[in-house]
Structure formats: C-alpha cells, structure tokens
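A.B. asks: Quick one, fold the following:
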Amino acid sequence: MSTTKRTVKNLDAWSNSGYHEVVCPSTVVVGIRIPDLAAIIEGGELPQHLVDAALKAAGATSAVSDAPEITVEDIKREREFTNFLVAKTVEEPALTPEDVSRIPVEDKEMIAAIALRLRDLDAEGSHISGLDKSEKFRKFRGLGEFEPTVEG
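C.D. replies: Now for the predicted structure:
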C-alpha cells in the first residue's frame, strides 16, 4: 500500500496539485482548493467586518475585540465568515456565500475545518491529498491498527 509520488516539472503542475475531491458527511463529493487565508485578508478580498471572525476561527487572539463573552453579533459574523470561506474553498460545484446556506451544516463545518487546516481527512477518513494510501503516513497517523472486521 503506497501512494504514487510524482515529481513536478513546472509551476503549473505543482499549482494544479492543490485541487482535492473530498467526501462530505452527507456523502456528496465536492472539489475543493484550500484557500490562502492570509492572502485573502491581505488582498482585501475578505470584508473588513469579518477579519476578526477569521482571526478567531484560525485560532488567533482577537485584535479588534477583547470582550470575554460571545455576542449575537460575533455569532453572525462567524457564520458569515464560514459561508465566505466555504464558498472560497469549494470549486466544484461553484458556490457563492449565499449558496452555502443551502448545503447541509455538517458538510459546511467539515469544509471550513479543512480550509482552516483543523482537519485533513474527509468524512470517509481519506486524506484530502491521498496520503492515507501511503504506508508510512498510515503508520505515522496510527491508521490501520484496527481489527480487520472494523476496516471492512
């Protein structure tokens, strides 16, 4: 069991390797590309009122608000940021932030977690870039150490 390693000869080939197909909890397969959150913020693509929510979601301490309690406005901004992030991450099918409210919440949460690098396995336990097929990766992550009847 090993993953196919490949050597890239040009930047285009390397750039294209960032596209991944993932299985969502709803069993839908979508195509994603993990966004560069720092570039999105620096480039002004993220609306200014969502920067604090983005920093919080990424695990940074709040630069704008030192409020110890979570407010309704915080929750609204976090939801708006999540919708923005999921729309930015999913390439197939193409989504707008408004479209994201129509997809199952568990799918939205998984995609956001992948985009924020909080997880790298899809709903079936496959690594987003196929590393779960690598024997070295599986040993490193402790995968495949189950009874044969559990793995199927």
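A.B. asks: What segments of the protein are helices?
C.D. replies: Along the chain, counting by DSSP state H, helices occupy 11-16, 37-42, 51-57, 72-89, 105-115, 135-141, 148-151.
A.B. asks: Would you mind writing the CA trace of the first one as PDB?
C.D. replies: The C-alpha coordinates for helix 11-16 follow below in PDB (Å, rounded to 0.1, in the frame of the first residue of the first chain):
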ATOM      1  CA  LEU A  11       4.900  25.600 -11.500                       C
ATOM      2  CA  ASP A  12       1.500  24.900 -13.300                       C
ATOM      3  CA  ALA A  13       1.700  21.200 -12.500                       C
ATOM      4  CA  TRP A  14       2.500  22.000  -8.900                       C
ATOM      5  CA  SER A  15      -0.200  24.600  -8.600                       C
ATOM      6  CA  ASN A  16      -2.800  22.100 -10.000                       C
END
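A.B. asks: what's in contact with it?
C.D. replies: Contacts to helix 11-16, defined as Cβ atoms under 8 Å, 6 or more residues apart in numbering, come from residues residue 8. (Glycine included, C-beta is placed from N, CA and C.)
A.B. asks: I figured residue 53 hits residue 80, correct?
C.D. replies: Yes: under the criterion of Cβ atoms under 8 Å, residue 53 makes contact with residue 80 at 7.2 Å.
A.B. asks: more neighbours, those two?
C.D. replies: Neighbours of residue 53 and residue 80, each counted by other Cβ atoms under 10 Å, are more numerous for residue 53; the result is 26 against 16.
A.B. asks: contacting residues for that one?
C.D. replies: 74, 77-78, 80-81.
A.B. asks: one step back: out of the helices of the chain, which gets the lowest mean score?
C.D. replies: Of all the helices of the chain, the minimum mean pLDDT falls on helix 148-151 (a mean of 50).
A.B. asks: circling back to that earlier point, distance to residue 28 added to the helices of the chain, as CSV?
C.D. replies: As requested, these are exported to CSV (distance: least, Cβ to Cβ, whole Å):
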stretch, distance to residue 28
helix 11-16, 23
helix 37-42, 24
helix 51-57, 23
helix 72-89, 13
helix 105-115, 7
helix 135-141, 25
helix 148-151, 23
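A.B. asks: So which of these is nearest residue 23?
C.D. replies: Taking Cβ to Cβ as the measure, these were each checked against residue 23, and helix 105-115 came out nearest at 9.3 Å.
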